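[1] have a look; sequence and predicted model below, questions after that.
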Amino acid sequence: MKLNFNYAWLLVFSLVVAGCGGGGADSSGSTNTSTGDGNSGEGATTTQPEITVSTVDCSDCEKSAEVNIMEITSDEAISAIDVSYQSGYVKVNSVLANKSGGTSFDANKQLTLTFSADQAGDYSVTLNKVKVGDTWYEQNKSVNVTIVETVVNGHVEFTLYTTNGTLINTIAPQQVEKGMKPNGLYVENFEVQNYLYDEQSNTLSEVSTLTLQADENGETNFSLAPGKYLSHFKAVRKFNDQLVSFELIVKHTVENNGSHFYTQFIYPRNVSSKLMESQKALYDDIADGSLMDMNLYNLRPGRYCTSWFDDSYSVVNINEKVSVTYNSFCYEAIAQTGDDIVLEYTQSSIAMKVALTQGDAQVGLLDFVNDTMQYDHQYTLGSNKLNFEFSEFAETGDVEFSFIDGKGLSNNFELTIKVME
């Protein structure tokens, strides 16, 4: 009986000890999952570190600028992280992180991840896991970053000439020698109105009016934000106490932080025959080689007239009208001959109507289908204008024209009108 009692007592004691052995405590407040290479050993107590990751997305970060995207804190020092990203630069506490796999650094309880990129675009960075001691802990935190192009105004420089090669300047008035081309034309007021062209809405909106200065080389410069522009230059001075405006309307594109240089003609506008007659009388009274005040006839380009089209964005909807103005400026009147202007299709598949207006009077309305239009245009002394109004387009597409000046006043012009739905 004594042997059986001792055996039973030993059996109970063994069962109690077996039921209490190998138990581990829960880590307080931690949801980290270890995937590490460490092993705590059977029967040892393990606790997971408290790791907090905060992320910051960025939708308008500047190119090449470092931005904070993650803050990592831990109650135990972190010695490595595993991140994944395709391009750009990720740094952890100033250490460049590998695009995949682990990156080691001096262990720290607080980490800051930054991102930067040299090119605009959309980027994603994922923190896969962090390493504490010998163990990796999964995180799977992602950040999206959009890098935008840094907008820097472009530099724009224009050199403006009259049609005889005289440079516009704002330095000082001076006398000129009759019979010799003046080096410069002094103007009292010089400005440019800039209109930004919106391709989506096909509209122009004024963005600035700038007062300009032009040096002895005729150079004037200003800056504009990137975009497509229509710029209207006006250079004004008096002749016979009457204001005459020399103008240029030109379209151009400004690139981000770009430098743009243009050389253009600028033309006199709205000069009456009466003013031209008085200027010619003053000019004729001066002996060749004598000094004289600047006169419109000092700017004569060696031919009777000069002609031009103002630049424009000729983009219209199919149910709209588009107007184009043919300008000329004459130092002598030219007789009408019957083949002054020829306007013809270079693409004849689109029907339309063309109305011609000289001054305030409509002088023609033509069905322009597979046809060539001729018009007898009277070139009077001073400023002349002939307006073309295109309408009733039959279909969309690019309508191209060859505009031939029968008087040979200038090179032939090519006009293109883009017709959209």
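    All right, it came through fine.

[2] right, and the helix or strand after the least confident helix or strand in the chain by mean pLDDT?
    Least confident helix or strand of the chain, by mean pLDDT, DSSP states H and E, is helix 2-20 with a mean of 37. Next in sequence after helix 2-20, counting helices and strands by DSSP states H and E, comes strand 51-55.

[3] direction included, what does that following strand pair against?
    Paired strands of strand 51-55, with direction, are strand 67-84 (antiparallel) (DSSP bridges).

[4] restrict the strand it pairs with to CA atoms and write it as CSV.
    What follows is strand 67-84, C-alpha atoms only, in CSV (Å, rounded to 0.1, in the frame of the first residue of the first chain):
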residue,chain,number,x,y,z
VAL,A,67,10.1,66.0,-48.8
ASN,A,68,9.3,64.0,-45.7
ILE,A,69,7.1,61.0,-46.6
MET,A,70,7.4,58.8,-43.5
GLU,A,71,8.2,59.1,-39.8
ILE,A,72,9.0,55.8,-37.9
THR,A,73,9.3,55.6,-34.2
SER,A,74,10.1,52.5,-32.1
ASP,A,75,10.7,51.8,-28.4
GLU,A,76,13.7,49.7,-29.6
ALA,A,77,16.4,50.9,-32.1
ILE,A,78,15.8,50.0,-35.7
SER,A,79,19.0,49.1,-37.7
ALA,A,80,17.6,48.5,-41.2
ILE,A,81,14.6,49.0,-43.4
ASP,A,82,13.3,47.3,-46.5
VAL,A,83,11.6,49.7,-49.0
SER,A,84,10.6,49.3,-52.6
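
[5] state the mean pLDDT of it.
    Averaged across strand 67-84, the pLDDT comes to 96.

[6] how far does it sit from its chain's centre?
    On the basis of CA atoms, centre = their mean, to the nearest Å, strand 67-84 sits 39 Å off its chain's mean C-alpha point.

[7] buried ones in it?
    For strand 67-84, burial by neighbour count (16 or more other CB atoms under 10 Å) applies to 67, 69-70, 72, 74, 78-84. Backbone N, C-alpha and C define where each C-beta goes, glycine included.

[8] buried ones in the helix or strand Cys61 falls within?
    Using DSSP H and E, Cys61 maps to strand 58-62. For strand 58-62, a neighbour-count test (16+ other CB under 10 Å) marks 58, 61-62 as buried.

[9] check stretch 304-323 too.
    Here stretch 304-323 shows 304-310, 312-316, 322 as buried, counting by 16+ other CB under 10 Å.

[10] where do the helices sit along the chain?
    Under the criterion DSSP state H, helices of the chain are mapped to 2-20, 273-284.

[11] pLDDT wise, what is Ile318 at?
    76.

[12] isn't it right up against Phe393?
    Yes. With contact defined as CB atoms under 8 Å, Ile318 reaches Phe393; the gap is 5.0 Å.

[13] overlap in contacts, those two.
    Common contacts of Ile318 and Phe393, defined by CB atoms under 8 Å, 6 or more residues apart in numbering, comprise Val419.

[14] what about Ser273, neighbour count?
    For Ser273, the neighbour count with other CB atoms under 10 Å is 13.
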